[in-house]
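Participant: Give me coordinates for this.
(chains A and B)
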Amino acid sequence: MPDNPQDHGLERRLDEWASPPPDTELSPETRRKVQAMLASSLTPVKPIPPQSRLIFTFLAVFTVCAVGLIAILNKAGFHLMTGVQMGFIAAILAGGGILFSFTLAWRMVPGSRWPIPFSLVLTVSGLVPITGIALLFPWHTSSAFVSEGWPCAALELTITIPSAAVYWLLARRGALFASPGLGASLTALAVFLALIPVQFQCMFQQAPHLLVWHGGAALLLIGLGTLIGEMARRMRT
Amino acid sequence: MGETPIDDRELRDLMTRYQNADAVAVEELVARMSPPLLRFFGRSGIGPTEAEDLLQDCWIRIHRSRHTYRASEPVMPWIYAIARHTRLDAYRKQRRLESREVLVASIPEGLHQTTPEQVLEQDQFARLVASLPDAQREVIIMLKVSGMSLEEVARATSSTPGAVKQRAHRAYTALRRALGKDLESAR
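Facilitator: Below you'll find the model as predicted:
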């Protein structure tokens, strides 16, 4: 026991409680039933690829789709951002893609090592972009805030849905347990992918526009993904 | 610790053979892993029949997910991660059923809620452990009943060893406090 309770009385009670009572042993019938159940559908299976290959696959899809969409769409945003803004946005979007590729790959295999708590991943991937945008981009807006903004949110939604579907199809190879965390991971990866073309085609590179129509929409979509994960879990149980 | 730790090298070998459809390996794996899994479910505060049902459900899930095991990884966290989800799903299902029953029969809200103090009056340590928050109880069961290491529990619960250690510490503090109160009330 690595974490010693440092109390002999408690330790003794825990040991007594943990010791296997004779009446809870597995009955031979149940054991035979389980063995027969598994043997009846026993076929060789190919083990899932290594974690590195799963992550590489997610990142390859991320990169190919992002580059393809940038090539197709308008690139006005490239010319409107300064070098610092461009560097920050590129780092954030690439970082988000990498981070959520890792979390999705961890979720595919039960018992994977999680070096970073998922709550920390979500917090960092939310706070860092918000802070960076608030500090690096100008705080002015036009009177047409809504009419300028909603097309960006709509484009983000349009790209997120098929991207999430593609990632779900790829992740299905693993042992996915329906959960809000899975929903959040899948959508977040798709949202970061969608944000790349949205950001680089956008003609309104101001903090209020980026925070509300790009970031706000991203948060809503991730929230929706989380909700879908929770609903899937409820349906399962 | 509840039992002699199972050698992970042997389990890895059995799992690899299981993936290659070796029926003997399946029998051996079921024989080795079923007793600790049954205790894992049994210590979660459910009856023996429900524990056996959960065990069967767990083996079905293990069977369906067997391709996700990698021979380079330890077996115990992989199996217990699946067992944990089996238990959590069953727990959520039960809670939803109970909430429906409450709506129909109007059972008082506090009926199923027992404080550590109330539980100690019955002098049942098992119930005291059962009264711990789910995340803490789960860690205690894996560490003490299943004999897993902090690293293995962290993997099985999709957490970090630091977070597991903190949960275990909180559980021990709660148990120690409740036991202290028990002794005071006995004087």
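Participant: now residue A:45, what's its secondary structure?
Facilitator: Here residue A:45 is recorded as coil under DSSP: H, G, I helix; E, B strand; the rest coil.
Participant: and the residue nearest in space to the middle of chain B, what does it touch?
Facilitator: Geometric centre of chain B, nearest residue: residue B:40, 4.2 Å, by C-alpha atoms, centre = their mean. Residues near residue B:40 by C-beta atoms under 8 Å, 6 or more residues apart in numbering or on different chains: B:80, B:83, B:87, B:141-142, B:145-146. Glycine gets a C-beta too; all of them are placed from N, C-alpha and C.
Participant: Look up how far chain A lies from it.
Facilitator: According to C-beta to the nearest C-beta, to the nearest Å, residue B:40 stands 11 Å off from chain A.
Participant: To which secondary structure element is that residue assigned?
Facilitator: Assessed by DSSP states H and E, residue B:40 sits inside helix B:23-42.
Participant: The helix or strand that comes right after that helix packs against which elements?
Facilitator: Using DSSP H and E, the helix or strand that directly follows helix B:23-42 along the chain is helix B:48-64. Under the contact definition 3 or more C-beta pairs under 8 Å, 6 or more residues apart in numbering or on different chains; DSSP states H and E, helix B:48-64 sits against helix A:28-40, helix B:23-42, helix B:75-105.
Participant: buried set for stretch A:59-69?
Facilitator: A:59, A:61-62, A:65-66, A:69 (16 or more other C-beta atoms under 10 Å in any protein chain shown).
Participant: Residues in contact with it: which ones?
Facilitator: For stretch A:59-69, the surrounding residues in contact (C-beta under 8 Å, 6+ apart) are A:93, A:97-98, A:101, A:159, A:163, A:166-167, A:170, A:189, A:192-193, A:196-197.
Participant: Swap in 10 Å and give it another go.
Facilitator: Stretch A:59-69 is touched from outside by A:93-94, A:96-98, A:100-102, A:105, A:155, A:159, A:162-163, A:166-167, A:170, A:189-190, A:192-198, A:200-201, with contacts defined as C-beta atoms under 10 Å, 6 or more residues apart in numbering or on different chains.
Participant: Stretch A:30-42 too?
Facilitator: If you take C-beta under 10 Å, 6+ apart as the criterion, stretch A:30-42 is touched by A:25-27, B:18, B:20-23, B:25-31, B:34-35, B:38, B:52-53, B:55-56, B:58-60, B:62-64, B:66.
Participant: let's see 6 Å
Facilitator: B:21, B:23, B:26-27, B:30, B:34, B:52, B:56, B:59, B:63 (C-beta atoms under 6 Å, 6 or more residues apart in numbering or on different chains).
Participant: hmm, back to that, mark which of the contacts of stretch A:59-69 are buried, thanks.
Facilitator: Neighbour counting with 16+ other C-beta under 10 Å marks A:93-94, A:96-97, A:100-102, A:105, A:155, A:159, A:163, A:166-167, A:170, A:189-190, A:192-198, A:200-201 as buried within these.
Participant: so where is chain B shaky, pLDDT-wise?
Facilitator: Residue ranges of chain B with pLDDT under 70: B:1-5, B:100-124, B:181-187.
Participant: Domain-wise, how is it divided?
Facilitator: Chain B is divided into the following domains under automatic domain parsing: B:1-113, B:114-187.
Participant: Now do the contacts for the residue lying closest to residue A:225 once chain neighbours are set aside.
Facilitator: Leaving aside its sequence neighbours, residue A:225 sits nearest to residue A:187 (C-beta to C-beta, 6 or more residues apart in numbering or on different chains; 2.6 Å). When the contact criterion is C-beta under 6 Å, 6+ apart, the partners of residue A:187 are A:164, A:221-222, A:225.
Participant: middle-most residue in chain A, spatially?
Facilitator: residue A:185 (1.7 Å).
Participant: Out of the helices and strands packed on helix B:48-64, which one sits most buried?
Facilitator: Counting by mean count of other C-beta atoms under 10 Å in any protein chain shown, helix B:23-42 has the highest mean neighbour count of the helices and strands packed on helix B:48-64, with a mean of 20.
Participant: Please, which helix or strand holds residue B:140?
Facilitator: helix B:134-140.
Participant: what packs against that helix?
Facilitator: Contact here means 3 or more C-beta pairs under 6 Å, 6 or more residues apart in numbering or on different chains; DSSP states H and E; on that basis helix B:134-140 packs against helix B:161-186.
Participant: And the helix it packs on, what's buried?
Facilitator: For helix B:161-186, the buried set under the neighbour-count rule, 16+ other C-beta under 10 Å, comprises B:161, B:163-165, B:167-168, B:171-172, B:174-175, B:178-179, B:182.
Participant: What residues does chain A have near chain B?
Facilitator: With C-beta under 6 Å from any C-beta of the partner chain as the criterion, chain A meets chain B at residues A:2-3, A:5, A:7, A:10, A:13-14, A:17-20, A:24, A:26, A:30-31, A:34-35, A:38-39, A:42-45, A:47-48, A:109-111, A:113-114, A:117, A:174-175, A:177, A:237.
Participant: If any of those are buried, put those into a PyMOL selection.
Facilitator: Entered in PyMOL, the line below selects the buried ones among the residues of chain A next to chain B, by 16+ other C-beta under 10 Å:
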select buried, chain A and resi 3+5+7+10+13+14+17+18+20+26+30+31+34+35+38+42+45+47+48+109+110+111+113+114+174+175+177
